[in-house]
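>>> I need the structure of the sequence given here:
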Amino acid sequence: MAALLLGSALSGPALAARVTIAPGGDVQKALDRAAVDDVVLLAEGVHRGPVRIERKVVLEGQSGAVIEGSGSGSVITLSAPGAVVRGLTVRGSGRDLEAMDAGVFVKQSATGAVVEDNRLEGNLYGVYIHGAEDAAARRNIIVGLREGRINEAGNGVSVWNAPGARVEDNDIRFGRDGIFAVASKRNVFRGNRFRDLRFAVHYMYTNDSEVVGNVSVGNTVGFAIMYSHRLIVRDNVSDGDLNHGFLFNFANSSEISGNTVQGRILPASRWATPGLRGKEAREHGLPAADEAVSSLPGNVRNGPEKCVFIYNANKNTFQNNWFEGCEIGVHFTAGSEGNAIAGNAFIRNRNQVKYVGTRYLDWSKDGRGNYWSDNPAFDLNGDGVGDSAYRPNDIIDKVLWTAPHAKVLVNSPAVQIIRWAQAQFPALLPGGVVDSRPLMAPTAIPLSGRKGAAP
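Below you'll find the model as predicted:
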(Lines give C-alpha, C1' and ligand atoms only; values in the text may rest on other atoms or scores of the structure.)
Protein backbone atom coordinates (compact mmCIF):
# COMPACT_ATOMS: atom_id res chain seq x y z
CA MET A 1 0.00 0.00 0.00
CA ALA A 2 2.86 2.42 0.85
CA ALA A 3 4.47 1.76 -2.52
CA LEU A 4 1.15 2.37 -4.28
CA LEU A 5 0.62 5.70 -2.52
CA LEU A 6 4.16 6.83 -3.31
CA GLY A 7 3.75 5.92 -6.97
CA SER A 8 0.46 7.84 -7.11
CA ALA A 9 2.05 10.96 -5.56
CA LEU A 10 4.88 10.95 -8.09
CA SER A 11 2.83 10.12 -11.15
CA GLY A 12 2.17 13.75 -12.23
CA PRO A 13 5.74 15.11 -12.44
CA ALA A 14 7.25 11.72 -13.25
CA LEU A 15 5.14 11.37 -16.38
CA ALA A 16 5.79 14.93 -17.66
CA ALA A 17 7.49 14.75 -21.05
CA ARG A 18 10.23 16.96 -22.49
CA VAL A 19 9.98 17.34 -26.25
CA THR A 20 12.70 19.10 -28.26
CA ILE A 21 11.73 20.88 -31.50
CA ALA A 22 14.37 21.65 -34.13
CA PRO A 23 14.17 24.80 -36.29
CA GLY A 24 11.61 24.24 -39.02
CA GLY A 25 9.56 21.91 -36.82
CA ASP A 26 5.87 22.51 -36.12
CA VAL A 27 5.85 24.26 -32.75
CA GLN A 28 2.07 24.63 -32.67
CA LYS A 29 1.52 20.91 -33.28
CA ALA A 30 3.90 20.06 -30.45
CA LEU A 31 2.06 22.40 -28.11
CA ASP A 32 -1.31 20.96 -29.10
CA ARG A 33 -0.11 17.38 -28.47
CA ALA A 34 1.62 18.17 -25.16
CA ALA A 35 0.09 16.95 -21.91
CA VAL A 36 -0.24 19.04 -18.76
CA ASP A 37 3.18 20.02 -17.32
CA ASP A 38 5.07 18.87 -20.43
CA VAL A 39 8.02 20.98 -21.59
CA VAL A 40 8.25 21.91 -25.26
CA LEU A 41 11.90 22.84 -25.76
CA LEU A 42 12.92 24.88 -28.80
CA ALA A 43 16.44 24.16 -30.02
CA GLU A 44 18.86 26.91 -31.05
CA GLY A 45 17.75 28.68 -34.23
CA VAL A 46 14.70 30.48 -35.62
CA HIS A 47 11.23 28.97 -35.13
CA ARG A 48 8.14 30.27 -36.87
CA GLY A 49 5.20 31.79 -35.02
CA PRO A 50 2.64 32.80 -34.11
CA VAL A 51 1.76 30.11 -31.56
CA ARG A 52 -0.97 29.59 -28.94
CA ILE A 53 -0.55 27.86 -25.58
CA GLU A 54 -3.93 26.47 -24.58
CA ARG A 55 -2.95 24.07 -21.81
CA LYS A 56 -0.63 24.16 -18.79
CA VAL A 57 2.71 23.49 -20.45
CA VAL A 58 6.13 25.12 -20.53
CA LEU A 59 7.44 26.62 -23.78
CA GLU A 60 11.18 26.96 -23.24
CA GLY A 61 14.13 27.89 -25.40
CA GLN A 62 17.68 26.65 -25.45
CA SER A 63 20.35 29.33 -25.71
CA GLY A 64 19.92 31.06 -29.08
CA ALA A 65 16.33 29.91 -29.66
CA VAL A 66 14.20 32.51 -31.45
CA ILE A 67 10.47 32.46 -32.14
CA GLU A 68 9.52 34.92 -34.85
CA GLY A 69 6.02 36.10 -35.68
CA SER A 70 4.57 36.86 -39.06
CA GLY A 71 4.24 40.62 -38.48
CA SER A 72 0.53 40.24 -37.71
CA GLY A 73 -1.06 39.68 -34.30
CA SER A 74 0.78 38.50 -31.19
CA VAL A 75 3.75 36.13 -31.47
CA ILE A 76 2.82 33.98 -28.43
CA THR A 77 -0.66 33.93 -26.89
CA LEU A 78 -1.25 32.29 -23.51
CA SER A 79 -4.78 31.23 -22.57
CA ALA A 80 -4.15 28.34 -20.12
CA PRO A 81 -3.79 28.77 -16.34
CA GLY A 82 -0.23 28.20 -15.19
CA ALA A 83 1.34 28.24 -18.67
CA VAL A 84 5.00 29.28 -18.82
CA VAL A 85 7.16 30.94 -21.49
CA ARG A 86 10.87 31.17 -20.72
CA GLY A 87 14.32 31.50 -22.24
CA LEU A 88 13.26 32.65 -25.72
CA THR A 89 13.99 35.56 -28.01
CA VAL A 90 10.58 36.74 -29.24
CA ARG A 91 10.11 39.13 -32.14
CA GLY A 92 7.86 39.92 -35.09
CA SER A 93 4.51 41.01 -33.62
CA GLY A 94 1.98 43.06 -35.56
CA ARG A 95 1.62 46.84 -35.19
CA ASP A 96 -2.11 47.15 -34.38
CA LEU A 97 -2.56 49.09 -31.12
CA GLU A 98 -6.28 48.34 -30.90
CA ALA A 99 -5.63 44.61 -31.32
CA MET A 100 -2.92 44.83 -28.60
CA ASP A 101 -0.37 42.95 -30.69
CA ALA A 102 2.42 41.78 -28.40
CA GLY A 103 5.47 39.59 -28.15
CA VAL A 104 3.63 37.63 -25.45
CA PHE A 105 -0.09 38.21 -24.89
CA VAL A 106 -1.50 36.77 -21.65
CA LYS A 107 -5.27 36.35 -21.88
CA GLN A 108 -7.66 36.66 -18.93
CA SER A 109 -8.04 32.89 -18.69
CA ALA A 110 -4.27 32.40 -18.16
CA THR A 111 -4.32 32.90 -14.39
CA GLY A 112 -0.95 32.40 -12.78
CA ALA A 113 0.87 32.34 -16.12
CA VAL A 114 4.59 33.16 -16.08
CA VAL A 115 6.71 34.98 -18.70
CA GLU A 116 10.33 34.89 -17.56
CA ASP A 117 13.94 35.16 -18.72
CA ASN A 118 13.06 36.08 -22.30
CA ARG A 119 14.34 38.72 -24.69
CA LEU A 120 11.46 40.48 -26.44
CA GLU A 121 12.64 42.81 -29.18
CA GLY A 122 10.95 45.00 -31.76
CA ASN A 123 7.39 44.07 -30.80
CA LEU A 124 4.55 46.58 -30.48
CA TYR A 125 3.97 45.56 -26.86
CA GLY A 126 6.50 43.42 -25.05
CA VAL A 127 4.23 41.58 -22.61
CA TYR A 128 0.51 42.34 -22.33
CA ILE A 129 -1.19 40.92 -19.21
CA HIS A 130 -4.84 41.32 -20.13
CA GLY A 131 -6.92 40.39 -17.11
CA ALA A 132 -4.85 37.35 -16.04
CA GLU A 133 -5.01 37.21 -12.25
CA ASP A 134 -1.70 36.43 -10.45
CA ALA A 135 0.29 36.35 -13.71
CA ALA A 136 3.99 37.29 -13.62
CA ALA A 137 6.49 38.90 -16.00
CA ARG A 138 9.99 38.70 -14.58
CA ARG A 139 13.67 38.94 -15.58
CA ASN A 140 12.86 39.75 -19.19
CA ILE A 141 14.85 42.08 -21.44
CA ILE A 142 12.34 44.12 -23.45
CA VAL A 143 13.46 46.35 -26.32
CA GLY A 144 10.52 48.13 -27.93
CA LEU A 145 10.08 50.03 -31.17
CA ARG A 146 12.72 52.63 -31.93
CA GLU A 147 11.28 54.16 -35.10
CA GLY A 148 8.14 56.23 -35.71
CA ARG A 149 6.11 58.40 -33.36
CA ILE A 150 6.42 57.49 -29.70
CA ASN A 151 2.64 57.61 -29.20
CA GLU A 152 2.22 54.94 -31.88
CA ALA A 153 4.46 52.51 -30.01
CA GLY A 154 3.28 50.09 -27.35
CA ASN A 155 4.51 49.59 -23.80
CA GLY A 156 7.14 47.28 -22.41
CA VAL A 157 4.66 45.61 -20.05
CA SER A 158 0.95 46.46 -19.96
CA VAL A 159 -1.24 45.32 -17.08
CA TRP A 160 -5.00 45.63 -17.42
CA ASN A 161 -7.43 44.44 -14.74
CA ALA A 162 -5.06 41.72 -13.52
CA PRO A 163 -5.34 41.48 -9.72
CA GLY A 164 -2.22 40.11 -8.08
CA ALA A 165 -0.06 40.35 -11.20
CA ARG A 166 3.66 40.93 -10.62
CA VAL A 167 6.19 42.67 -12.88
CA GLU A 168 9.69 42.21 -11.46
CA ASP A 169 13.35 42.56 -12.41
CA ASN A 170 12.77 43.39 -16.08
CA ASP A 171 15.05 45.62 -18.17
CA ILE A 172 12.87 47.77 -20.46
CA ARG A 173 14.06 50.17 -23.16
CA PHE A 174 12.41 52.04 -26.06
CA GLY A 175 8.73 52.10 -26.93
CA ARG A 176 6.13 54.28 -25.21
CA ASP A 177 5.95 53.49 -21.46
CA GLY A 178 7.95 50.95 -19.50
CA ILE A 179 5.05 49.65 -17.41
CA PHE A 180 1.50 50.82 -18.03
CA ALA A 181 -1.00 49.68 -15.39
CA VAL A 182 -4.69 50.51 -15.53
CA ALA A 183 -7.85 49.34 -13.71
CA SER A 184 -6.07 46.75 -11.60
CA LYS A 185 -5.28 46.05 -7.93
CA ARG A 186 -2.92 44.20 -5.58
CA ASN A 187 -0.05 44.39 -8.06
CA VAL A 188 3.69 44.44 -7.40
CA PHE A 189 6.09 46.32 -9.69
CA ARG A 190 9.54 45.71 -8.27
CA GLY A 191 13.20 45.92 -9.30
CA ASN A 192 12.67 46.99 -12.93
CA ARG A 193 15.02 49.24 -14.94
CA PHE A 194 13.86 51.72 -17.59
CA ARG A 195 15.61 53.74 -20.32
CA ASP A 196 14.66 55.76 -23.42
CA LEU A 197 10.91 55.89 -22.75
CA ARG A 198 8.13 58.43 -22.32
CA PHE A 199 7.11 57.28 -18.80
CA ALA A 200 9.04 54.64 -16.90
CA VAL A 201 5.91 53.73 -14.92
CA HIS A 202 2.50 55.02 -16.03
CA TYR A 203 0.02 54.04 -13.39
CA MET A 204 -3.76 54.66 -13.36
CA TYR A 205 -6.75 53.33 -11.38
CA THR A 206 -4.62 50.62 -9.74
CA ASN A 207 -5.13 50.40 -5.97
CA ASP A 208 -3.54 48.57 -3.03
CA SER A 209 -0.29 47.92 -4.88
CA GLU A 210 3.48 48.36 -4.60
CA VAL A 211 5.98 50.22 -6.77
CA VAL A 212 9.28 49.34 -5.11
CA GLY A 213 12.98 49.41 -6.01
CA ASN A 214 12.67 50.45 -9.67
CA VAL A 215 15.24 52.59 -11.53
CA SER A 216 14.33 55.12 -14.24
CA VAL A 217 17.23 56.67 -16.18
CA GLY A 218 16.88 59.47 -18.73
CA ASN A 219 13.17 59.09 -19.53
CA THR A 220 10.76 61.97 -20.12
CA VAL A 221 8.93 61.21 -16.85
CA GLY A 222 10.00 58.74 -14.20
CA PHE A 223 6.94 57.63 -12.23
CA ALA A 224 3.45 58.96 -13.02
CA ILE A 225 1.01 57.76 -10.34
CA MET A 226 -2.58 58.81 -11.04
CA TYR A 227 -6.08 58.06 -9.75
CA SER A 228 -4.83 55.32 -7.42
CA HIS A 229 -5.07 54.79 -3.67
CA ARG A 230 -3.36 52.99 -0.79
CA LEU A 231 -0.03 52.45 -2.53
CA ILE A 232 3.49 51.79 -1.35
CA VAL A 233 5.95 53.77 -3.51
CA ARG A 234 9.32 53.05 -1.96
CA ASP A 235 13.06 52.95 -2.77
CA ASN A 236 12.69 53.94 -6.42
CA VAL A 237 15.27 56.01 -8.33
CA SER A 238 14.69 58.70 -10.96
CA ASP A 239 18.11 59.45 -12.42
CA GLY A 240 18.19 62.33 -14.91
CA ASP A 241 14.58 62.10 -16.12
CA LEU A 242 13.60 65.19 -18.12
CA ASN A 243 10.26 66.61 -16.96
CA HIS A 244 9.29 64.97 -13.66
CA GLY A 245 10.89 62.46 -11.38
CA PHE A 246 7.55 61.66 -9.72
CA LEU A 247 4.06 62.87 -10.52
CA PHE A 248 1.16 62.24 -8.12
CA ASN A 249 -2.27 63.19 -9.47
CA PHE A 250 -5.24 62.19 -7.30
CA ALA A 251 -3.11 59.54 -5.61
CA ASN A 252 -4.35 59.23 -2.04
CA SER A 253 -3.60 57.51 1.29
CA SER A 254 -0.23 56.23 0.13
CA GLU A 255 3.28 55.84 1.55
CA ILE A 256 5.98 57.52 -0.54
CA SER A 257 9.33 56.85 1.12
CA GLY A 258 13.01 56.25 0.45
CA ASN A 259 12.85 57.43 -3.17
CA THR A 260 15.59 59.40 -4.95
CA VAL A 261 15.22 61.98 -7.71
CA GLN A 262 18.46 63.41 -8.98
CA GLY A 263 19.36 65.51 -11.98
CA ARG A 264 22.43 64.64 -13.99
CA ILE A 265 24.89 66.50 -16.21
CA LEU A 266 25.31 64.61 -19.47
CA PRO A 267 26.38 65.31 -23.06
CA ALA A 268 23.54 66.98 -24.94
CA SER A 269 23.42 64.09 -27.41
CA ARG A 270 22.08 61.84 -24.64
CA TRP A 271 18.93 63.97 -24.44
CA ALA A 272 17.82 63.59 -28.06
CA THR A 273 14.59 61.70 -27.50
CA PRO A 274 14.03 58.58 -29.65
CA GLY A 275 10.86 58.66 -31.69
CA LEU A 276 10.11 62.37 -31.20
CA ARG A 277 10.77 64.49 -34.24
CA GLY A 278 10.19 68.09 -35.19
CA LYS A 279 6.82 69.49 -34.11
CA GLU A 280 5.96 66.56 -31.87
CA ALA A 281 9.19 66.98 -29.90
CA ARG A 282 8.60 70.71 -29.50
CA GLU A 283 5.07 70.03 -28.21
CA HIS A 284 6.66 67.96 -25.43
CA GLY A 285 9.30 70.62 -24.77
CA LEU A 286 12.06 68.22 -25.79
CA PRO A 287 14.89 68.15 -28.30
CA ALA A 288 14.01 66.15 -31.39
CA ALA A 289 15.81 62.96 -32.33
CA ASP A 290 16.77 64.44 -35.67
CA GLU A 291 18.30 67.64 -34.29
CA ALA A 292 22.06 67.91 -34.54
CA VAL A 293 23.90 67.96 -31.23
CA SER A 294 25.37 71.34 -32.15
CA SER A 295 21.89 72.83 -32.34
CA LEU A 296 21.12 71.97 -28.72
CA PRO A 297 21.70 74.67 -26.10
CA GLY A 298 25.19 73.84 -24.88
CA ASN A 299 26.88 70.53 -24.44
CA VAL A 300 25.12 69.54 -21.22
CA ARG A 301 21.61 69.60 -19.81
CA ASN A 302 20.56 69.59 -16.17
CA GLY A 303 17.98 67.50 -14.35
CA PRO A 304 14.19 67.37 -14.27
CA GLU A 305 11.92 70.38 -14.37
CA LYS A 306 10.28 69.05 -11.19
CA CYS A 307 11.57 66.43 -8.80
CA VAL A 308 8.00 65.74 -7.68
CA PHE A 309 4.67 67.22 -8.75
CA ILE A 310 1.85 66.78 -6.22
CA TYR A 311 -1.50 67.63 -7.80
CA ASN A 312 -4.78 66.99 -5.96
CA ALA A 313 -3.15 64.21 -3.94
CA ASN A 314 -4.36 63.80 -0.36
CA LYS A 315 -3.55 62.05 2.91
CA ASN A 316 -0.18 60.72 1.77
CA THR A 317 3.03 60.32 3.74
CA PHE A 318 6.20 61.63 2.07
CA GLN A 319 9.23 60.71 4.16
CA ASN A 320 12.94 60.01 3.78
CA ASN A 321 13.03 60.91 0.07
CA TRP A 322 15.97 62.63 -1.64
CA PHE A 323 15.18 65.40 -4.18
CA GLU A 324 18.22 66.94 -5.85
CA GLY A 325 19.20 69.01 -8.88
CA CYS A 326 15.76 69.98 -10.25
CA GLU A 327 14.36 73.30 -11.40
CA ILE A 328 11.66 72.82 -8.73
CA GLY A 329 12.03 70.41 -5.83
CA VAL A 330 8.30 70.05 -5.12
CA HIS A 331 5.45 71.63 -7.05
CA PHE A 332 2.48 71.38 -4.71
CA THR A 333 -0.94 72.51 -5.89
CA ALA A 334 -4.67 71.99 -6.57
CA GLY A 335 -6.05 71.45 -3.10
CA SER A 336 -3.72 68.68 -1.96
CA GLU A 337 -4.53 68.26 1.73
CA GLY A 338 -3.65 66.11 4.71
CA ASN A 339 -0.18 65.15 3.47
CA ALA A 340 2.60 64.51 5.98
CA ILE A 341 5.93 65.71 4.52
CA ALA A 342 8.91 65.17 6.82
CA GLY A 343 12.37 63.64 6.86
CA ASN A 344 13.04 64.47 3.20
CA ALA A 345 16.19 66.09 1.77
CA PHE A 346 15.89 68.99 -0.71
CA ILE A 347 19.34 69.48 -2.24
CA ARG A 348 20.45 72.19 -4.70
CA ASN A 349 17.12 72.65 -6.43
CA ARG A 350 16.78 76.02 -8.14
CA ASN A 351 13.42 76.50 -6.38
CA GLN A 352 12.94 74.17 -3.45
CA VAL A 353 9.14 74.51 -3.34
CA LYS A 354 6.49 75.97 -5.57
CA TYR A 355 3.23 76.11 -3.64
CA VAL A 356 0.25 77.58 -5.46
CA GLY A 357 -2.07 78.48 -2.59
CA THR A 358 -2.56 80.80 0.38
CA ARG A 359 -2.89 78.37 3.30
CA TYR A 360 -0.17 77.93 5.87
CA LEU A 361 1.27 74.41 5.64
CA ASP A 362 3.78 73.19 8.21
CA TRP A 363 6.01 70.51 6.70
CA SER A 364 7.18 68.95 9.94
CA LYS A 365 5.95 66.03 12.01
CA ASP A 366 6.61 64.94 15.58
CA GLY A 367 9.16 67.70 16.08
CA ARG A 368 11.21 67.01 12.92
CA GLY A 369 10.95 68.58 9.49
CA ASN A 370 13.05 68.29 6.33
CA TYR A 371 16.58 69.16 5.28
CA TRP A 372 17.00 72.20 2.98
CA SER A 373 20.42 72.74 1.43
CA ASP A 374 19.88 76.53 1.17
CA ASN A 375 18.78 77.01 4.78
CA PRO A 376 21.40 79.13 6.65
CA ALA A 377 20.21 77.88 10.02
CA PHE A 378 21.88 77.60 13.42
CA ASP A 379 21.50 74.76 15.92
CA LEU A 380 22.70 76.20 19.21
CA ASN A 381 21.39 73.37 21.39
CA GLY A 382 22.77 70.63 19.12
CA ASP A 383 19.51 68.68 18.75
CA GLY A 384 19.84 68.38 14.96
CA VAL A 385 16.96 70.80 14.35
CA GLY A 386 17.34 74.40 13.21
CA ASP A 387 16.60 77.13 15.74
CA SER A 388 14.34 79.03 13.33
CA ALA A 389 11.69 78.07 10.80
CA TYR A 390 12.48 77.75 7.10
CA ARG A 391 10.28 79.40 4.46
CA PRO A 392 11.04 78.44 0.86
CA ASN A 393 8.85 81.13 -0.75
CA ASP A 394 8.03 84.81 -0.28
CA ILE A 395 5.77 87.46 -1.83
CA ILE A 396 8.13 87.94 -4.76
CA ASP A 397 7.93 84.24 -5.64
CA LYS A 398 4.14 84.46 -5.72
CA VAL A 399 4.30 87.50 -8.02
CA LEU A 400 6.70 85.75 -10.40
CA TRP A 401 4.44 82.65 -10.59
CA THR A 402 1.39 84.72 -11.50
CA ALA A 403 3.25 87.23 -13.72
CA PRO A 404 6.39 85.59 -15.19
CA HIS A 405 7.33 88.76 -17.09
CA ALA A 406 8.11 90.37 -13.74
CA LYS A 407 11.40 88.42 -13.71
CA VAL A 408 13.07 91.44 -15.32
CA LEU A 409 12.57 93.31 -12.03
CA VAL A 410 13.82 90.60 -9.70
CA ASN A 411 17.17 92.35 -9.07
CA SER A 412 15.74 95.85 -8.81
CA PRO A 413 16.16 97.94 -5.60
CA ALA A 414 12.39 97.87 -5.00
CA VAL A 415 12.28 94.08 -4.94
CA GLN A 416 15.31 93.93 -2.66
CA ILE A 417 13.60 96.34 -0.22
CA ILE A 418 10.47 94.15 -0.16
CA ARG A 419 12.52 91.06 0.60
CA TRP A 420 14.43 92.89 3.33
CA ALA A 421 11.15 94.04 4.87
CA GLN A 422 9.79 90.50 4.90
CA ALA A 423 12.89 89.28 6.71
CA GLN A 424 12.51 92.02 9.35
CA PHE A 425 8.74 91.68 9.77
CA PRO A 426 7.64 88.04 9.35
CA ALA A 427 3.99 89.09 9.50
CA LEU A 428 4.42 90.38 5.94
CA LEU A 429 5.17 86.88 4.65
CA PRO A 430 2.35 85.29 2.65
CA GLY A 431 0.62 82.02 3.41
CA GLY A 432 2.41 78.97 2.13
CA VAL A 433 4.82 76.24 3.13
CA VAL A 434 6.83 76.63 6.31
CA ASP A 435 9.07 74.05 7.93
CA SER A 436 8.97 74.93 11.63
CA ARG A 437 11.55 72.26 12.58
CA PRO A 438 14.06 72.10 9.70
CA LEU A 439 16.77 69.47 9.93
CA MET A 440 20.45 70.40 10.02
CA ALA A 441 21.53 67.28 8.09
CA PRO A 442 19.75 64.97 5.63
CA THR A 443 18.41 61.62 6.81
CA ALA A 444 17.46 60.26 3.37
CA ILE A 445 19.80 58.22 1.16
CA PRO A 446 21.29 59.96 -1.93
CA LEU A 447 21.40 58.36 -5.36
CA SER A 448 25.07 57.48 -4.99
CA GLY A 449 24.15 55.23 -2.08
CA ARG A 450 21.54 53.24 -3.97
CA LYS A 451 22.36 49.88 -5.49
CA GLY A 452 21.80 49.71 -9.23
CA ALA A 453 21.34 53.44 -9.74
CA ALA A 454 24.10 53.88 -12.31
CA PRO A 455 23.02 53.58 -15.99
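>>> residue contacts, the residue lying closest to Gly175 once chain neighbours are set aside?
The spatially closest residue to Gly175, leaving aside those adjacent along the chain, is Gly144, at 2.4 Å (Cβ to Cβ, 6 or more residues apart in numbering). C-betas here are computed from N, CA, C, even on glycine. For Gly144, the contact set (Cβ atoms under 8 Å, 6 or more residues apart in numbering) comprises 122-123, 126, 153-156, 172-176, 197.
>>> let's see 6 Å
Gly144 is in contact with 153, 174-175, counting by Cβ atoms under 6 Å, 6 or more residues apart in numbering.
>>> any idea which of these has the most stuff around it?
Gly175 (28 neighbours; other Cβ atoms under 10 Å).
>>> okay but it is in contact with Asn151, surely?
No: applying Cβ atoms under 6 Å, one finds Gly175 not in contact with Asn151, separated by 10.8 Å.
>>> Quick check: chain neighbours aside, which residue is closest to Gly156?
Ile172 is the one closest to Gly156 (Cβ to Cβ, 6+ apart), at 3.6 Å.
>>> so what's the residue most central in space within the chain bridging to?
Nearest to the geometric centre of the chain sits Val201, at 2.9 Å (Cα atoms, centre = their mean). Note on Val201: beta-bridge partners by DSSP bridges are Ile179, Phe223.
>>> Next, work out how far apart it and Ser158 are.
Val201 is 12 Å from Ser158, where distance means Cβ to Cβ, to the nearest Å.
>>> And Asp239, by the same measure?
24 Å.
>>> Settle it for me: which of those two has more neighbours?
Under the criterion of other Cβ under 10 Å, the comparison of Asp239 against Ser158 puts Ser158 first, with 26 against 23.
>>> If you count contacts, what does the helix or strand where the more buried one lies end up packed against?
Per DSSP states H and E, Ser158 falls inside strand 157-160. In terms of contacts (3 or more Cβ pairs under 6 Å, 6 or more residues apart in numbering; DSSP states H and E), strand 157-160 is packed against strand 125-130, strand 177-185.
>>> so what secondary structure elements neighbour the first one?
Put plainly, it is strand 125-130. strand 102-106, strand 157-160.
>>> most tightly surrounded among these?
strand 102-106 (a mean of 31; mean count of other Cβ atoms under 10 Å).
>>> average model confidence for that one?
Mean per-residue pLDDT for strand 102-106: 98.
>>> So the residue nearest to Gly222 when sequence neighbours are not counted: helix, strand or coil?
Nearest non-adjacent residue to Gly222, counting by Cβ to Cβ, 6+ apart: Ser238, 3.4 Å away. Per DSSP: H, G, I helix; E, B strand; the rest coil, the secondary structure class of Ser238 is strand.
>>> pLDDT wise, what is Ser238 at?
Note for Ser238: predicted pLDDT of 96.
>>> To what extent is it buried, counted in neighbours?
32.
>>> Does it touch Leu247 like I think?
No: with contact taken as Cβ under 6 Å, Ser238 and Leu247 are classed as non-touching, separated by 10.4 Å.
>>> can you pull out the strands in the stretch 301-450 of the chain?
Remark: strands assigned in the stretch 301-450 of the chain by DSSP state E, counting those that start in this stretch are 306-311, 317-319, 322-324, 328-333, 340-342, 345-347, 351-355, 361-362, 371-372, 433-434.
>>> which residues of this structure fall in helices?
For the chain, the helices defined by DSSP state H occupy 2-15, 27-33, 278-283, 395-402, 413-424.
>>> follow-up on the earlier one: now render the contacts of Gly144 as CSV, adding distance to Arg139 and pLDDT.
Listed next are these as CSV, based on distance: Cβ to Cβ, whole Å; pLDDT from 0 to 100:
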residue, distance to Arg139, pLDDT
Ala153, 23, 96
Phe174, 18, 97
Gly175, 18, 96
